[in-house]
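K.L.:
model this:
(one chain, ligands or ions: 1)
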Amino acid sequence: MSKENKLEKIVSLAKRRGFIFPGSEIYGGIGGFYDFGPLGAELKFNIKQAWWDAVVKERDDVVGLSAAIIMNPKVWEASGHVSGFSDPLVECKKCRKRFRADETETQKCPECGGELIKARNFNLMFKTFVGPVEGTASVAYLRPETAAGIFMNFKNVVDTMRVKMPFGIAQIGRAFRNEINPKDYVFRTREFEQMELEYFVKPGDDERAFKEWIDKRTTWYEKLGLKNIRKQEQSPEERAHYSKGTVDIEYEFPFGWKEIEGIANRSDFDLKSHSEHSGQDLSYTDKETGEKYLPYVIEPSAGVDRICLAFLCDAYAEEDKRVVLKLHPKLAPYKAAVFPLVANKPELVEKARQIFKELKATGLNIAWDDRGNIGKRYYSQDEIGTPYCITADYQTLEDGTVTIRDRDTAKQERISEREISGHL
Ligand code: ATP
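P.N.:
Next comes the predicted model:
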């Protein structure tokens, strides 16, 4: 299976099986927007849950936040986005198509071969208007990253949550960037979700925390079974001017090694700039020592949609005439599927239904299937990554045992009904 071929197969599987659909499809779609279908929504939810568990719930030094998408536009002046969040753009003289300057290697248009002319810098923020009057006074932006909402609430959290340095504020939410060339499926889109943590530390403690978060975030991917990842340190020329260090976690997609998460030591840039622009003192006072300072911040910033695609690519396998998504059970949309051996025996259907309902009552997402033959049902569940298939057959009615089939080995064993939830 070639690399291009693999991505095509994943796109087709994702559409056919309800993971990812092109946005507004019945109207011909809209570039850079995708909808996550029933199974994609589960996968995304499971990724976000695993992140929130590791970054917020399992720690005692990180709290969560859910800030508004639209903020006072002054936020984006202070953050540097109004003046600096732009990509250089070139335009083809002939077909008038526009491209990111850094993505065109020659002076020729990649589409029609026409001559490319330099255009302006293109700001990636989506503009909108707040209230009934459209004018410069009512301009606002859809946030291009979620982090700013965290800085807006730094003081609120310090004043209300009894947090002590070092501590973090985490947030998951939508971000919007009017990308010049959305491409590579859901890798680069114009609307996406981010999972961001701002971890505040006393200046001097930043190097330690930076290393800690690089390790923590790498381990998170490894524990969820993601292979083909590497860490890449950005050179001083590559990284943002305020950054003391940036390490990207990259995944080897069918279209090459690409960033799925960036971890940056942002120094005190954000709090300093927001203090200056707002006139509010955002420094922190240590209650025990009385010391007052502007904290440094370490920022692990990850994109849910990109990570979804990385897990789908990593999990996709073709073996013995079957397609199987070897997703980590924590991420799999369904944890198990329950079948009656045949659909035309009411006692069997009733028994299988009872097992299905009991498993669902434990809070797990369980699939039901009674169509076609068992082989087809296994194939269908393998393709969407369901780790176990449970079948109620004639023996179940006699001795209360079922067969349970493992997705990865395709092996079956018989266990008692009572053991099923423990097994899962
Ligand atoms: P790139 O260089 O690929 O545009 P970036 O360095 O601008 O990415 P960041 O600003 O560091 O990205 O954003 C943090 C994370 O948000 C990225 O690692 C990625 O997972 C996600 N992300 C950023 N832009 C997009 C996008 N257009 N579509 C999907 N995810 C995105």
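K.L.:
Can you name the residues that contact the residue nearest to A67 when sequence neighbours are not counted?
P.N.:
Excluding the flanking residues, the one nearest A67 by CB to CB, 6 or more residues apart in numbering is G149, at 2.8 Å. Every C-beta, even on glycine, is put in place using the N, C-alpha and C of the backbone. If a contact means CB atoms under 8 Å, 6 or more residues apart in numbering, then G149 has L65, A67, A68, M71, R143, Q171, G173 as its contacts.
K.L.:
which element is G149 on?
P.N.:
Using DSSP states H and E, G149 sits in helix 147-152.
K.L.:
Next, see if that helix gets close to the ligand.
P.N.:
No. Taking CB under 6 Å from any ligand atom as the criterion, helix 147-152 and the ligand are apart, separated by no less than 9.0 Å.
K.L.:
Residues contacting the next helix or strand after that helix, please?
P.N.:
Sequence-wise, the next helix or strand downstream of helix 147-152 (DSSP H and E) is helix 154-161. For helix 154-161, the surrounding residues in contact (CB under 8 Å, 6+ apart) are V63, L65, V163, I169, E198, F200, L271, Q280, L282, Y284.
K.L.:
The third one contacts V63, doesn't it?
P.N.:
Read that as V163. Yes. Contact status for V163 versus V63: in contact at 6.7 Å, counting by CB atoms under 8 Å.
K.L.:
What is the burial count for the closest residue to the ligand within the stretch 301-424 of the chain?
P.N.:
Distance from the ligand to each residue of the stretch 301-424 of the chain (CB to the nearest ligand atom) is smallest for G303, at 2.3 Å. G303 has 23 neighbouring residues, counting by other CB atoms under 10 Å.
K.L.:
So which residues on the stretch 51-200 of the chain come close to the ligand?
P.N.:
E145, R177, E179, R188, T189, F192, Q194.
K.L.:
how does it look with 8 Å?
P.N.:
Residues of the stretch 51-200 of the chain found near the ligand (CB under 8 Å from any ligand atom) are 144-145, 175, 177, 179, 182, 186-190, 192, 194, 196.
K.L.:
Tell me the helix or strand right after the helix or strand where K376 lies.
P.N.:
According to DSSP H and E, K376 maps onto helix 374-383. Scanning forward in sequence from helix 374-383 by DSSP H and E, the next helix or strand is strand 388-392.
K.L.:
Just the buried positions in the very next helix or strand once past that next one, please.
P.N.:
Next helix or strand after strand 388-392 toward the C-terminus (DSSP H and E): helix 394-399. Using 16 or more other CB atoms under 10 Å as the test for burial, helix 394-399 gives T396.
K.L.:
How many residues are close by A14?
P.N.:
By other CB under 10 Å, the residues close to A14 number 24.
K.L.:
ok, it touching C313?
P.N.:
No. With contact defined as CB under 8 Å, A14 does not reach C313; the gap is 10.7 Å.
K.L.:
Just confirm A337 is within a strand.
P.N.:
Yes. Assigned with DSSP: H, G, I helix; E, B strand; the rest coil, A337 falls within a strand.
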